[in-house]
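Asks: Just to be clear, the model below is a prediction. Sequence and coordinates:
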Amino acid sequence: MQIRVLGSAAGGGFPQWNSNVGLNQALHEGTTRAEARTQSSIAVQGDNGRWLLINASPDIRQQILATPALRAGPGERGIGIEAILLMDSQIDHTTGLTLMREGAPLEIYCTRQVHEDLTTGLPLLGVLSHFCGVNWHEIVPDVDNAFTIANLPGVRFIAVALSSAAPPYSPHRTDPHPGDNIGLVIIDEHSGHRVFYAPGLGAVDEPLAALMATCDTLLVDGTFFTETEMIDQGVGVKTAASMGHLPQSGETGMLAQLARFPAARCILIHINNTNPILDPDSPERAEVESAGVEVAYDGMEIRP
Ligand code: MLT
Ligand code: MN
């Protein structure tokens, strides 16, 4: 098994397409060592060389072109992606499915709640039924029952319901249901190595902490450094908590949470364009690194 980070930025990417401030501007002007990042997605390779795409970002075309290993056939229009697993129904995690309409029927793994969002508030699955078609495989979050993906040998998965937030167009936006957002333990069947992946994580409750304590690598929500980052930078009105993201700083923030676990590697992913950790020369990045925590980048490989 190997994991490839296809996109390490939060929604909007880095630089954000319409932003003229902060690190976005510095990147345009060439005055920062921060590197551009595409929107949130990873891929997991099974023993047979085939891949599971986890989240389909609007940048998927660029991501596939940048990752030759994903492009291996078979057939005149084949691709190495066997199936797609969706962690939630957020725009940055699902709208890449529209590009994939030009291929074979899509094998999509997601919860009942995400399927509901994608057939109501954001009806992508209905749209796709007019093109390639979709075969839905339901994920039922259950920490006691691992599942596999068809034609992806050597890897098992455990899904856990997370405390986060459903998107604004979800029928559950103000009425959270388990399954609106999931975390995933990705297990290498050969080494037993366990990677916990949660790009949208609002809180670490004790049952989740017990699960995270069993994992060797934690690849988790790196959206914001502070709770009011977007407000402070004058680019938004939402707090991290209102969006279902746990910021890195603070006594109960993500860095403090990660310090509780024995994992050999902790990596932040889904990083917003406002987050100063994008800048390798920032004090916030130094704080993250001195805590032994890594910052994901596009193309990063995780080989357990
Ligand atoms: C999120 O992660 O909170 C969303 O992707 C925000 C967005 O829609 O850009
Ligand atoms: Mn997002």
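Replies: Looks like it came in fine. Ligands and ions are numbered 1, 2, ... in the order given.

Asks: just the strands in the chain please.
Replies: Assigned by DSSP state E, the strands in the chain fall at 2-7, 41-45, 51-54, 81-85, 106-110, 134-138, 155-161, 182-188, 194-198, 217-221, 265-269, 293-295, 301-302.

Asks: Now do the buried residues in the first one.
Replies: Think strand 2-7. 3-7 (16 or more other C-beta atoms under 10 Å). Bear in mind the C-beta positions are built from the backbone N, C-alpha and C, glycine included.

Asks: near ligand 2 at all, that strand?
Replies: No: for a cut-off given as C-beta under 5 Å from the ion, strand 2-7 has no contacts with ligand 2; the smallest distance is 10.3 Å.

Asks: residues in contact with that strand?
Replies: Applying C-beta atoms under 8 Å, 6 or more residues apart in numbering, the contact partners of strand 2-7 are 13, 37-45, 53, 57, 59-60, 63, 66-67, 69-70, 186, 195, 219, 269, 296-304.

Asks: re the thing from before, looking at the strands of the chain, which is nearest to ligand 1?
Replies: strand 217-221 (8.5 Å; C-beta to the nearest ligand atom).

Asks: Run through the neighbouring helices and strands of that closest one.
Replies: strand 194-198, helix 254-258, strand 265-269 (3 or more C-beta pairs under 8 Å, 6 or more residues apart in numbering; DSSP states H and E).

Asks: Quick check: which of those is nearest to ligand 2?
Replies: Of all the helices and strands packed on strand 217-221, strand 265-269 sits nearest to ligand 2, with 10.4 Å by C-beta to the ion.

Asks: Would you mind listing what in the stretch 1-150 of the chain touches ligand 2?
Replies: So the stretch 1-150 of the chain meets ligand 2 at 10-11, 90, 92 (C-beta under 5 Å from the ion).

Asks: Please check those residues and keep the buried ones.
Replies: Counted by 16+ other C-beta under 10 Å, those give 10-11, 90, 92 as buried.

Asks: where's the residue nearest the centre of the chain relative to Leu268, distance?
Replies: In the chain, the centroid-proximal residue (C-alpha atoms, centre = their mean) is Pro199; its distance is 3.9 Å. Distance, Pro199 to Leu268, using C-beta to C-beta, to the nearest Å: 10 Å.

Asks: can you pull the contacts of the residue in the chain that ligand 1 sits nearest to?
Replies: Nearest residue of the chain to ligand 1 (C-beta to the nearest ligand atom) works out as Gly11 at 2.5 Å. Listed by C-beta under 8 Å, 6+ apart, the contact set of Gly11 reads 39-40, 90-92, 272.

Asks: please redo it, this time with the cut-off set to 10 Å
Replies: Counting by C-beta atoms under 10 Å, 6 or more residues apart in numbering, Gly11 touches 39-40, 57-58, 90-93, 95, 167, 223, 243, 270, 272-273.

Asks: can you check Ala203 too?
Replies: 162-164, 241, 244-246, 252, 257.

Asks: cutoff 7 Å now
Replies: For Ala203, the contacting residues are 163, 246, by C-beta atoms under 7 Å, 6 or more residues apart in numbering.

Asks: okay, the helices and strands packed on strand 217-221, which one's buried deepest?
Replies: strand 194-198 (a mean of 24; mean count of other C-beta atoms under 10 Å).

Asks: Neighbouring strands of that one in the sheet, and parallel or not?
Replies: strand 182-188 (antiparallel), strand 217-221 (parallel) (DSSP bridges).

Asks: Do you have the helices of this protein handy? List them.
Replies: 22-29, 60-65, 91-94, 112-117, 124-128, 206-212, 229-232, 254-258, 283-290 (DSSP state H).

Asks: Spatially nearest residue to the residue of the stretch 101-250 of the chain found nearest ligand 2, not counting backbone neighbours?
Replies: Proximity of the stretch 101-250 of the chain to ligand 2 (C-beta to the ion) peaks at Gly200, 6.1 Å away. Counting by C-beta to C-beta, 6 or more residues apart in numbering, Gly200 lies nearest to Ser164, which is 4.6 Å off, once chain neighbours are set aside.

Asks: What's the local residue count around the one you found?
Replies: For Ser164, the tally of surrounding residues (other C-beta atoms under 10 Å) stands at 24.

Asks: List the buried residues for stretch 162-169?
Replies: Here stretch 162-169 shows 162-167 as buried, counting by 16+ other C-beta under 10 Å.

Asks: Around ligand 1, pick out the residues from this protein.
Replies: 10-12, 90-92, 200, 243 (C-beta under 6 Å from any ligand atom).
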